[in-house]
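Asker: Fold the following and give me the result.
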Amino acid sequence: MKTLIAGITMHDTDVEDAYLHNEAFDQTFCGIAFSDLNGNIQFVNTTFALLHGYNEKELCGKHLSLFHTQEQIHRELIPLLEMARVYGHCQGTVGHVNKDGTTFSTRMSLNVLKDDDSPIGFIFITKNNGGNSPKPEIPKHLIKKTHHLETSARKIAHDFNNFLNVIIGNIEISIRSVPKKSQLRSNLEEVLLASARAQDLVREILDSTRPDNHTLKPLHMPVVVMDTLRLLLASLPIPIEFSQKLSKGNGWVLADPTQIQRIIMNLCINGYHAMEQTGGKLNVTITEIDIDPADSANLNMDPGAYVCMSVSDTGSGIELDVIDRIFEPYFSTKEKGNGLGLYIVLEIVKSYGGNIRVCSEPGKGTAFDVYLPRIDYDDQGLEAILQEQTT
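Answerer: All right, here's what the predicted structure looks like:
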């Protein structure tokens with residue numbers, strides 16, 4: 001038996017995944033729309049509809065010309081559609097018309113939707129650039145659904161945290177009776193560290209519905225990197241060669257520990273996947289860098305002091321026609337990827353006033369340079385600070 005969801009035919013085994021994708025489409029802050037090759041709309045998410053002053057049911061079957069003036073269609077939309085037909089994707093700023101007649105602009109990412117390599121339609125991802133478009137009012141049923149999801153997530157997180165407290169408590173008691181230099185003690189300490197990181201993940205779940213509530217604290221990047229890598233490398237199913245070069249200097253940033261760990265994990269796992277078939281070497285370095293006004297324009301950052309974390313691999317590299325798209329939401333080069341990992345990583349880094357630079361060559365590997373603003377943190381002894389970070 002087959003089921004049609006969002007204009008896509010699939011078997012029953014795919015229905016649950018498709019439902020989850022629909023939920024994700026509806027709750028994202030980007031407007032998403034699917035059309036056929038003639039511009040007839042097949043599906044829109046809630047954000048896209050509200051951005052234009054409609055509801056989803058009003059728009060299915062309508063033509064894209066509904067959202068644009070004739071001038072916008074000929075000057076902006078048609079050139080983007082033609083570029084997408086040739087290159088498979090493109091981006092640009094496009095003017096739109098609201099239901100009440102007011103105009104506004106969006107940053108639009110346009111991709112060709114294919115079936116067995118044959119184009120069958122377009123995917124539009126839009127983000128409001130501002131202008132006269134009113135802020136969409138969130139429907140009450142979505143507010144209620146979101147509140148229910150928040151409540152469920154928090155309950156699960158609290159229950160999981162209770163289990164972790166039992167695990168941690170028993171490990172701490174057991175460690176006291178185990179010789180300090182024994183293998184058993186080393187194993188228990190690893191379990192204790194992993195449990196502590198699991199508690200950090202619980203805090204991330206609790207904070208996920210409150211994005212402005214992350215706890216910022218001074219972090220010594222070399223320590224955070226070493227901590228995260230120790231857990232990551234032990235969990236990889238296939239061992240890879242690994243090297244690290246971490247600065248012994250200042251290296252302090254003001255950030256949320258869980259978010260920084262998420263950045264490290266994502267970049268390292270991407271590097272691992274690039275070398276999964278052929279093997280290779282993963283390199284992580286931490287350096288301090290001062291960016292002057294001349295370089296700041298190229299890096300799209302303010303001049304100043306930064307900590308640069310570079311994660312590089314000797315894997316397959318990224319094709320030139322793809323590298324400009326890797327930070328786009330929902331774009332992925334992996335068969336099972338959701339296309340949100342690098343997008344979220346970049347959003348986190350930018351929220352701290354930093355940026356990411358990518359260098360890659362097909363067949364030779366990829367390097368991600370993550371720049372985070374550096375702070376001076378000399379108010380207390382180094383030993384006390386490092387102890388604070390690991391507790």
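
Asker: quick one: contacts for G304?
Answerer: G304 is in contact with 290-291, 373-374, counting by Cβ atoms under 8 Å, 6 or more residues apart in numbering. Glycine gets a C-beta too; all of them are placed from N, C-alpha and C.

Asker: Let's see that with 10 Å instead.
Answerer: Residues near G304 by Cβ atoms under 10 Å, 6 or more residues apart in numbering: 289-293, 296, 353, 371, 373-374.

Asker: Just the ones of these in helices?
Answerer: The members of the contacts of G304 that map onto helices under DSSP state H are 293, 296.

Asker: Just the buried ones from the contacts of G304?
Answerer: 291, 371, 373-374 (16 or more other Cβ atoms under 10 Å).

Asker: Just the closest of those to V202, please.
Answerer: P373 (27.8 Å; Cβ to Cβ).

Asker: Which one of the contacts of G304 is nearest to A84?
Answerer: Among the contacts of G304, Y371 lies closest to A84 (Cβ to Cβ), at 31.8 Å.

Asker: what's the closest one in contact with, if anything?
Answerer: Applying Cβ under 10 Å, 6+ apart, the residues near Y371 are 289, 291, 299-301, 304, 306-310, 349, 352-357.

Asker: On the pLDDT front, check it for me.
Answerer: Note on Y371: pLDDT of 95.

Asker: and if you look at P134?
Answerer: In the prediction, the pLDDT value recorded for P134 is 43.

Asker: can you list the buried ones among the contacts of G304 in JSON lines and add distance to L267?
Answerer: Shown next, in JSON lines, are the buried ones among the contacts of G304 (distance: Cβ to Cβ, whole Å):
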{"residue": "I291", "distance to L267": "21"}
{"residue": "Y371", "distance to L267": "13"}
{"residue": "P373", "distance to L267": "19"}
{"residue": "R374", "distance to L267": "19"}
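
Asker: Tell me the one of these nearest I32?
Answerer: Using Cβ to Cβ, the buried ones among the contacts of G304 come closest to I32 at Y371, 30.2 Å.

Asker: Could you report the distance from that closest one to T103?
Answerer: Distance of Y371 to T103, given as Cβ to Cβ, to the nearest Å: 37 Å.

Asker: next one: M301
Answerer: 32 Å.

Asker: repeat for P222
Answerer: 51 Å.

Asker: likewise T93?
Answerer: On the measure of Cβ to Cβ, T93 and T103 end up 13 Å apart.

Asker: ok, those two, which is more surrounded?
Answerer: The residue with more neighbours, out of T93 and T103, is T103; 14 against 11, by other Cβ atoms under 10 Å.

Asker: Would you map out the domains in this protein?
Answerer: Under the assignment automatic domain parsing, the domains of the chain span 2-134, 138-212, 214-389.

Asker: can you pull up the bridge partners for P119?
Answerer: P119 has these beta-bridge partners by DSSP bridges: K114.

Asker: got any ranges where the stretch 251-391 of the chain has weak pLDDT?
Answerer: Under the criterion pLDDT under 70, the flagged ranges of the stretch 251-391 of the chain are 329-332, 334-340, 378-391.

Asker: Would you check that I375 makes contact with G353?
Answerer: No - taking contacts as Cβ atoms under 10 Å, I375 lies outside contact range of G353: 11.1 Å.

Asker: Mind checking which of the contacts of Y371 are in strands?
Answerer: 289, 291, 304, 306-310, 355-357 (DSSP state E).

Asker: most surrounded residue in those residues?
Answerer: Result: M309 is most packed of the ones in strands among the contacts of Y371 (other Cβ under 10 Å), 29 neighbours.

Asker: which residues touch the closest residue in space to that one that isn't next to it in sequence?
Answerer: The spatially closest residue to M309, leaving aside those adjacent along the chain, is V370, at 4.5 Å (Cβ to Cβ, 6 or more residues apart in numbering). By Cβ under 10 Å, 6+ apart, the contact list for V370 reads 221, 260, 263-264, 267, 286, 306-311, 345-346, 348-349, 352, 354-357.

Asker: same question, I348
Answerer: I348 touches 214, 255-256, 259-260, 262-263, 266, 354, 356, 370, 372, counting by Cβ under 10 Å, 6+ apart.

Asker: Now render the residues you listed as TSV, adding distance to M83.
Answerer: Shown next, in TSV, are the contacts of I348 (distance: Cβ to Cβ, whole Å):
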residue	distance to M83
H214	38
A255	38
D256	39
Q259	35
I260	37
R262	34
I263	32
N266	30
G354	31
I356	25
V370	31
L372	35
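
Asker: Need the max-distance pair from those.
Answerer: H214 and I356 (18.8 Å).

Asker: how about the strands of the stretch 201-350 of the chain, start to end?
Answerer: All strands of the stretch 201-350 of the chain, identified by DSSP state E, counting those that start in this stretch, fall at 217-220, 241-246, 252-255, 281-291, 304-313.

Asker: Adding distance to N161 as columns, could you present the ones you listed in JSON lines?
Answerer: Putting the strands of the stretch 201-350 of the chain into JSON lines (distance: least, Cβ to Cβ, whole Å) gives the following:
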{"stretch": "strand 217-220", "distance to N161": "20"}
{"stretch": "strand 241-246", "distance to N161": "31"}
{"stretch": "strand 252-255", "distance to N161": "23"}
{"stretch": "strand 281-291", "distance to N161": "30"}
{"stretch": "strand 304-313", "distance to N161": "29"}
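
Asker: Select, out of those strands, the one closest to P179.
Answerer: It's strand 241-246; of the strands of the stretch 201-350 of the chain, that one is closest to P179 (Cβ to Cβ) at 29.4 Å.

Asker: and the closest one with strand 304-313, angle?
Answerer: In terms of direction (axes from the mean of the first three to the mean of the last three Cα atoms, to 10 degrees), strand 241-246 departs from strand 304-313 by 170 degrees.

Asker: surely I32 meets L110?
Answerer: No - counting by Cβ under 10 Å, I32 stays clear of L110, with 11.6 Å between them.
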